[in-house]
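Engineer: Sequence plus the predicted model coming up.
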Amino acid sequence: MMGVSDSTVRRDLEILEEQGLIRRAHGGAVYVNDAAPGHRLAFADRQTTAAAEKKAVARSAAELIRPNATVIIDGGTTCFQVASALAGRRLSVVTNSVPIASLLSADVATEVTLIGGYVYPRTGVALGQMAEQQLDYLHAAQLVLSCAGLTEEGAFNSNQMMVEVERKMMGIADEVILVADHTKFGMRAVVKLCGLDELDVIVTDDGADERTRAWLDRLSARVLYAKIESER
């Protein structure tokens with residue numbers, strides 16, 4: 001009806017969601033009636049977007065984390081689900097996410113290092129020069145990374161400061177695992193995070209369409225398709 005492509009609609013919905021005007025749901029979006037100008041969806045609100053897909057991706061990603069390893073976990077709701085799946089395991093976790101640190105620090109089996117800095121209110125992650133400087137002193141076997149969008153051109157995120165910290169994380173990790181549910185494909189955000197050749201593993205869900213799977217399967221990165229389990 002609008003004379004535009006599916007990917008354009010998906011990008012427009014992503015922008016409207018970031019502006020707090022809609023809540024995205026499976027197959028569409030819902031208008032937020034009481035959204036004030038400049039309002040941003042809270043971390044807890046965004047956890048309901050593609051919830052089943054994120055949990056499926058998280059379960060598969062958690063299986064890749066080696067016992068007793070040092071792992072960096074990026075911020076965001078999908079990474080929070082990965083942290084939930086790892087809770088109780090004997091690991092050393094480095095994160096700049098306040099919600100993830102709070103979740104994992106409740107169990108003595110997991111050692112948590114919280115990176116500090118300016119806390120971005122929308123996601124609860126620490127950003128800025130202070131966070132980057134702290135990462136200079138660290139090393140990890142694996143990194144669980146999130147993004148706002150993924151195309152054949154690369155992975156994208158919505159904040160320059162966020163990308164700078166994530167690039168630093170990538171530089172100190174031996175293996176980079178990107179977690180992204182299928183609603184992220186075909187989306188671009190403001191800032192390019194990395195090229196696809198910089199990723200070692202991509203974990204998504206089995207909702208990815210055939211066209212997306214075609215270019216994913218051509219990548220040098222290992223690609224895993226997690227099965228979405230029914231909530232019933």
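Structural biologist: The structure has been received and is ready for your questions.
Engineer: residues contacting residue 172?
Structural biologist: The contact partners of residue 172, by C-beta atoms under 8 Å, 6 or more residues apart in numbering, come to 72, 135-136, 138-140. In short, each C-beta sits where N, CA and C put it, glycine included.
Engineer: And it, how close does it get to residue 72?
Structural biologist: Taking C-beta to C-beta, to the nearest Å as the measure, residue 172 and residue 72 are separated by 8 Å.
Engineer: mind giving me the domain ranges of the chain?
Structural biologist: Under automatic domain parsing, the residue ranges defining each domain of the chain are 1-41, 43-226.
Engineer: pLDDT wise, what is the residue sitting nearest the centre point of the chain at?
Structural biologist: Note on the chain: the residue nearest the mean C-alpha position is residue 146, at 2.4 Å, using C-alpha atoms, centre = their mean. Residue 146 carries a pLDDT score of 96 in this model.
Engineer: Give me the nearest residue to it, chain neighbours excluded.
Structural biologist: Ranked by C-beta to C-beta, 6 or more residues apart in numbering and with sequence neighbours excluded, the top spatial neighbour of residue 146 is residue 76, at 3.8 Å.
Engineer: Measure how far stretch 129-145 is from the centre of its chain, please.
Structural biologist: 16 Å (C-alpha atoms, centre = their mean, to the nearest Å).
Engineer: Endpoint to endpoint, that stretch covers what distance?
Structural biologist: The first residue of stretch 129-145 is 19 Å away from its last residue (C-alpha to C-alpha, to the nearest Å).
Engineer: one step back: got the phi and psi for the residue nearest to the centre of the chain?
Structural biologist: The phi/psi pair for residue 146 (degrees, to the nearest 10) reads phi -110, psi 170.
Engineer: so it makes contact with residue 177?
Structural biologist: No - under the criterion of C-beta atoms under 8 Å, residue 146 lies out of contact with residue 177, with a separation of 10.2 Å.
Engineer: measure residue 111 to residue 70 for me?
Structural biologist: Remark: distance between residue 111 and residue 70 (C-beta to C-beta) = 9 Å.
Engineer: what about these two, which has more around it?
Structural biologist: Under the neighbour definition other C-beta atoms under 10 Å, residue 111 and residue 70 were set side by side, and residue 70 has more, 19 against 13.
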